[in-house]
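> okay, predicted coordinates and the sequence, questions at the end:
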Amino acid sequence: TPLKNIRNFSIVAHIDHGKSTLADRLIQVTGGLTNREMKEQVLDSMELERERGITIKAQTVRLNYKAKDGEDYVLNLIDTPGHVDFTYEVSRSLSACEGALLVVDASQGVEAQTLANVYQAIDVNLEILPVLNKVDLPAAEPDRVKAQIEDVIGIDASEAIEISAKTGMGVPDVLEAIVTKLPPPQGDRDAPLKALLVDSWYDPYLGVVVLVRIIDGVLKKGMRVRMMGAKAVYLVDQVGVSTPKKTPVDELGPGEIGYLTAQIKEVADTAVGDTITDDRRPCDKPLAGFKPSVPVVFCGIFPVDANDFEDLREAMGKLRLNDASFEFEMETSAALGFGFRCGFLGLLHLEIIRERLEREFNLDLITTAPSVVYDIHMTDGSVMELHNPADMPDPVRIDHIEEPWIKATIMAPDEYLGGILKLCEERRGIQQDLTYAGSRAMVVYELPLNEVVFDFYDRLKSVSKGYASFDYHITDHRAGDLVKMQVLVNDEPVDALSMIVHRDKADYRGRGMCEKLKDLIPRHQFKIPIQAAIGGRVIARETLSALRKDVTAKCYGGDASRKRKLLDKQKEGKKKMRQFGRVEIPQEAFIKALKID
Ligand code: GTP
């Protein structure tokens, strides 16, 4: 296809504004799939994605479109992940395009992720086409939302297309606008191959499949390609396009988007953003801005039943095949036994992995409190990255600790503003900006990420009755008065419950934890002190009083089989208990104590 007849575009939108519905319509209108094939929502293929209605892995479809000018066009729609945790993947998908459809729900208006996503598109110089969706709804206010797009985002919305992705109304106009308003790609067919690695995933039949955008040159079957960042060389087995059915083609030229397979074993070898070139005739320099994605949130994941450890290891290995940004390494905890320390791109990423482990692999898991990565500056001048509170060095060797800070944008109807400001202030937030667009307020705060991984989303939802939208990115690391808080049960530290907290928050968090544990740990024959401590200093304390009656008395006398049954029951129950010194703590207690509420 000649360059002038190619258009590469993405759809950017806030969650639920109709991105997937519009994508499905575009596929249907251009005839990429039969109605029966359309039934399964195509772009969001993973079960969990469909259920949660969020896009995790970017996918691509090639649409063939005959425009009103009589010419045949190839339109490549690149799906972008919709959530803030996957910012880097969004930005790479966007940089494979020349334009973007900005979809805004005409009954809702601009939301926090509309802004975050459209600014990313503007940052990589894309032409933006505003599209107002859901105009079939009685609550739709297209004119108001157009004004809001101009006010808040600062782009011309006078020619915004009004559509209903649900009924199909206006969808043909979107196709025409893609052809007439978005620029075609540029590139040099005779130059050495230079391609952007947009995405990769594991396919049980094909192995790793790599999605590429060709910048210059030609990609063909049988070529030896080099991943410039990974410094790995592969022989290309197959080159193709996704319609969205995988269809092999002879070659991919400049401006085109397609996939390659090359006997690659793990997606970890194919980092998003890497540059692919011809090993025999390499391009002189890779594309700018390549950075491997790094996990920012860590937690421990342990099997409830110790016998599931090997199954858990295998399940994690399988998930990692398809998700190079998920990390794990073995960890042991005195309280929870053998498990893994895991790294994630953010909280949603953590939740998705945990749910998939539980659901797809049928595992019962305990997740410890999420922690961010701290930079510990030692007195000897060295710096260590701390992923696990249990590894905190002796405080006398620490000069200072730095923690990641974020810039958060929150949008909500103004009646909830008071509660939102209070929440941000409680979380050590620093207000940067407060503006109004109609009756919606937009606040920008700087916040320590450590305060956000601790139940911030849930609190935000509850103070705004679900109407607030939220987006953030990490900006920098700042020194903070951070300490390790330990929890002691019967004078023994319980490693799984220790956490890094800001000194000002320690009392509150310590008290909360002790009160919770007091209700969760069953009484024993003796008194059990439950304490929270920083270093050797106790900051909160509860005491669990002793049991007075001897429960085993019941077992005397009576018939033998009943007695045996009771003992069997006890044995079952014991399996679920963790022995802690002389104290037995039920598994449930850990789960509940670690559960953020
Ligand atoms: P993510 O995948 O989470 O990013 O969401 P999305 O933006 O892809 O939204 P999706 O297409 O899943 O649509 C969200 C909801 O809005 C669904 O229940 C759709 O049926 C509904 N919806 C989408 N377009 C329209 C429309 O034009 N009119 C009406 N009434 N509902 C729509």
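Perfect, I can see it now.
> drop to CA atoms for contacts and neighbour counts, all remaining ones
Noted.
> other SSEs contacting the lengthiest helix in the chain?
The longest helix of the chain (DSSP state H) is helix 503-520. Under the contact criterion of 3 or more Cα pairs under 8 Å, 6 or more residues apart in numbering; DSSP states H and E, helix 503-520 touches strand 482-489, strand 528-534, strand 537-544, helix 587-594.
> how far is that helix from where the chain is centred?
In terms of Cα atoms, centre = their mean, to the nearest Å, the centre of helix 503-520 is found 29 Å from the chain centre.
> same check, this time on stretch 269-282
Relative to its parent chain, stretch 269-282 has a centroid offset of 26 Å by Cα atoms, centre = their mean.
> buried residues, that stretch. List them.
Buried residues in stretch 269-282, defined by neighbour count with 16 or more other Cα atoms under 10 Å: 269-279, 282.
> and it, how far apart are its ends?
Its first and final residues considered, stretch 269-282 spans 19 Å by Cα to Cα, to the nearest Å.
> and residue 160, how far from the ligand?
The gap separating residue 160 from the ligand is 15 Å, by Cα to the nearest ligand atom, to the nearest Å.
> oh sorry, the question was meant for residue 500
Noted for residue 500: a distance of 33 Å to the ligand, by Cα to the nearest ligand atom.
> try residue 125
22 Å.
> number of nearby residues for the residue nearest to that residue when sequence neighbours are not counted?
Leaving aside its chain neighbours, residue 125 sits nearest to residue 98 (7.8 Å; criterion: Cα to Cα, 6 or more residues apart in numbering). For residue 98, the count of nearby residues is 22 (other Cα atoms under 10 Å).
> what parts of the stretch 101-250 of the chain come near the ligand?
133-134, 136-137, 164-166 (Cα under 6 Å from any ligand atom).
> give me that answer again for 5 Å
Residues of the stretch 101-250 of the chain lying close to the ligand by Cα under 5 Å from any ligand atom are 134, 164-166.
> tell me which of the residues you listed is nearest to residue 111?
When these are compared for distance to residue 111 (Cα to Cα), residue 134 wins out at 15.1 Å.
> excluding sequence neighbours, find me the nearest residue to the closest one.
residue 164 (4.7 Å).
> if we can go back for a sec, can you give me the angle the longest helix of the chain makes with strand 482-489?
20 degrees (axes from the mean of the first three to the mean of the last three Cα atoms, to 10 degrees).
> any idea how far the ligand is from the nearest residue to residue 95 once chain neighbours are set aside?
For residue 95, ignoring the flanking residues on the chain, the nearest one in space by Cα to Cα, 6+ apart is residue 124 at 6.1 Å. Residue 124 is 21 Å from the ligand, where distance means Cα to the nearest ligand atom.
> mind listing what's buried in stretch 216-231?
Neighbour count says stretch 216-231 has 216-221, 223-229 buried, by 16+ other Cα under 10 Å.
> likewise stretch 325-335?
325-328, 331, 335.
> closest one of these to residue 529?
The closest of these, once distances to residue 529 are taken by Cα to Cα, is residue 335, at 17.1 Å.
> and what about the closest one, helix, strand or coil?
Secondary structure assignment for residue 335 (DSSP: H, G, I helix; E, B strand; the rest coil): coil.
> look up phi and psi at it.
For residue 335, the backbone dihedrals (degrees, to the nearest 10) come out as phi -80, psi -40.
> quick one on the thing from earlier: where is pLDDT lowest across the buried residues of stretch 269-282?
Among those, residue 269 carries the lowest pLDDT, at 79.
> and residue 461, how many neighbours?
15.
> and the helix or strand that it is a member of, what does it pack onto?
Take DSSP states H and E as the rule and residue 461 turns out to sit in helix 456-463. With contacts taken as 3+ Cα pairs under 8 Å, 6+ apart, helix 456-463 sits against helix 417-426.
> can you point out the buried residues in the helix it packs on?
417, 420-421, 423-424.
> filter the residues of the stretch 101-250 of the chain next to the ligand down to the ones in strands?
The members of those all map outside strands under DSSP state E.
> tabulate the residues you listed (TSV), appending pLDDT and neighbour count.
Output for those, formatted as TSV (pLDDT from 0 to 100; neighbours: other Cα atoms under 10 Å):
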residue	pLDDT	neighbour count
134	97	26
164	96	22
165	94	24
166	93	16
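> from those, which is closest to residue 264?
Nearest to residue 264 among those, with distances taken as Cα to Cα, is residue 165, at 38.0 Å.
> per-residue confidence for the residue nearest to the closest one when sequence neighbours are not counted?
Beyond its immediate neighbours in the sequence, the residue positioned closest to residue 165 (Cα to Cα, 6+ apart) is residue 22, lying 4.9 Å away. For residue 22, the model assigns a pLDDT of 92.
> hmm, whichever helix or strand residue 22 is part of in reach of the ligand?
Taking DSSP H and E as the definition, residue 22 sits inside helix 19-30. Yes: using Cα under 5 Å from any ligand atom, we find that helix 19-30 touches the ligand at 19-21.
> how about the residues you listed in CSV, adding distance to residue 27 and neighbour count?
Compiled in CSV, the residues of helix 19-30 next to the ligand are given as follows (distance: Cα to Cα, whole Å; neighbours: other Cα atoms under 10 Å):
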residue, distance to residue 27, neighbour count
19, 13, 26
20, 11, 23
21, 10, 19
